[in-house]
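[1] Got a predicted model here, sequence first, then my questions.
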Amino acid sequence: MVIVDPVYSDLVKDELLVETVPGDIKIHRVKALNKATVSKFGVGNIAYRSYIFYQKKVNELLRDKRYDLIYFSTTQFAICTLGAYWKKRFGVPYVIDMQDPWHSEYYQDKPKHQQPPKYWLSYRLNKYLEPIALKKADGLISVSESYITDLKNRYPEIKDIPAATITFGSFEPDFEIAKKNKNNFTSLLEPGFKNIVYIGRGGLDMHNAITPVFNALKRGLETSPQLFNQLRFYFIGTSYAPDGQGETTILPLAKQSGVADNVIETTNRISYYHALATLQQADALFIPGSDDPKYTASKIYPYLMVKRPLLTIFNSKSPAIDVLNACKVPYAYSYDASADLDNKLLNFLTQLVNGTLAGPAYDEDAIDQYSAVNMTKKQCDLFDLALSK
């Protein structure tokens, strides 16, 4: 395993994650250019800052020992271009895990204020770098089948390589670790309220999914203010920006909907185990989807494993809908296809605040298909296929 030394990253760190890596796994840490220095030239991304150090370290490893396969599992996609270089120089095949879209046309027709920071540059860099990495890849993994379809249509060179849709699995011991360490984390939820929690990125593309929920909350506040003022919605870790630099994207919608007093948005990211501990402390959970029909919530399974009432709203064409239905999630809706959605959401919130909302009874066999053990097996099966080409 080759990673950037955490001292070079300004993102949230989770020491507990390192402790869960089996002791026989060798971890190689590489350096990165100092962000404060190179940011003056517009290069703050950790992938670009660590690129030459990854190249040097992996060159050393590949010279010293024979490796069967290189596996890229990161959203810092620029590093994946090294796969083509190492394949040409050392003859080692590689597989890329596309956890998110790399090059995408999604924001091209969006107004400038809806585009990510530095979009003009990142769009052009991604369009140039993606084919370098993808055209020589020996296998693809993605959280969404549509991502794989798009890539194979875009690059005919990889239309016949092995590919699999593999989401992030749930690992039962993680929940015990989170529970055991809960007192080491800052409590983010206010006691004395019925707290509904979402942890993950925000964005204007989620407004279609969140708006009907805020509308239902508004109705409840108007008809039964004393009752519904017991509700608090938490949106945590909604920005990828460094701590203190993120811009809220959900709270402005709450203000527009007239429910801002009942909504808390925290842009700062939190660690994995802090997130699990917070989910465990919630009264109910909420997952909003993007208006992009290809979007799926790749980390949906921890929400299911926590066994709290779960409300989800996605685009009706999202692959997440099939997963939620298979697991028999009772409050899984689409903002563009669910009939009588406003009343269903108001009913969910009313039952929650009244304490009459039944606990979840998911299909355990369906959930087990997405366990970390089964997801890892699917990864290994794909690795075998990539090596057998």
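    Ah, there it is. Just so it is clear, the model here is predicted, and its values are computed rather than measured.
[2] who does L285 bridge with?
    Using DSSP bridges, the bridge partners assigned to L285 are V197, L310.
[3] Would you agree it is in contact with Y198?
    Yes. L285 lies in contact with Y198 (C-beta atoms under 8 Å); the separation is 7.1 Å. Every residue, glycine included, has its C-beta placed from N, CA and C.
[4] Could you check which of these two is surrounded by more residues?
    Y198 (26 against 23; other C-beta atoms under 10 Å).
[5] The more buried one and N183, how far apart?
    The spacing between Y198 and N183, counted by C-beta to C-beta, to the nearest Å, is 23 Å.
[6] I'd say R219 and L346 touch.
    Yes. In this structure R219 lies within contact range of L346 using C-beta under 8 Å: 5.7 Å.
[7] how long is stretch 113-123 from one end to the other?
    Start-to-end span of stretch 113-123 (C-alpha to C-alpha, to the nearest Å) is 15 Å.
[8] in that stretch, what counts as buried?
    115, 123 (16 or more other C-beta atoms under 10 Å).
[9] now swap in stretch 223-239 and tell me
    Buried residues in stretch 223-239, counting neighbours by 16+ other C-beta under 10 Å, are found at 228, 230-239.
[10] And stretch 338-358, by the same measure?
    By 16+ other C-beta under 10 Å, the buried positions in stretch 338-358 come out as 338, 341, 344-346, 348-350, 352-353, 357.
[11] Give the residue spans of this structure that score low on pLDDT.
    The model of the chain has pLDDT under 70 over residues 40-42, 119, 297-298.
[12] And the strands in it, which stretches?
    2-4, 28-30, 70-73, 94-98, 139-142, 163-165, 194-199, 231-236, 263-266, 284-288, 310-314, 332-334 (DSSP state E).
[13] CA atoms only: put the longest helix anywhere in the chain into CSV for me.
    If you go by DSSP state H, the chain has its longest helix at helix 46-64. C-alpha atoms of helix 46-64 as CSV (Å, rounded to 0.1, in the frame of the first residue of the first chain):
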residue,chain,number,x,y,z
ILE,A,46,-2.6,16.6,-3.2
ALA,A,47,-2.5,14.4,-6.4
TYR,A,48,-0.3,16.9,-8.2
ARG,A,49,1.8,17.7,-5.2
SER,A,50,2.6,14.1,-4.5
TYR,A,51,2.9,12.9,-8.1
ILE,A,52,6.6,12.8,-8.5
PHE,A,53,7.0,11.1,-5.1
TYR,A,54,4.6,8.4,-6.0
GLN,A,55,6.4,7.8,-9.3
LYS,A,56,9.8,7.6,-7.6
LYS,A,57,8.7,5.3,-4.7
VAL,A,58,6.7,2.9,-6.9
ASN,A,59,9.5,2.8,-9.4
GLU,A,60,11.7,1.5,-6.6
LEU,A,61,9.2,-1.1,-5.5
LEU,A,62,8.7,-2.4,-9.0
ARG,A,63,12.4,-2.7,-9.6
ASP,A,64,13.0,-4.6,-6.4
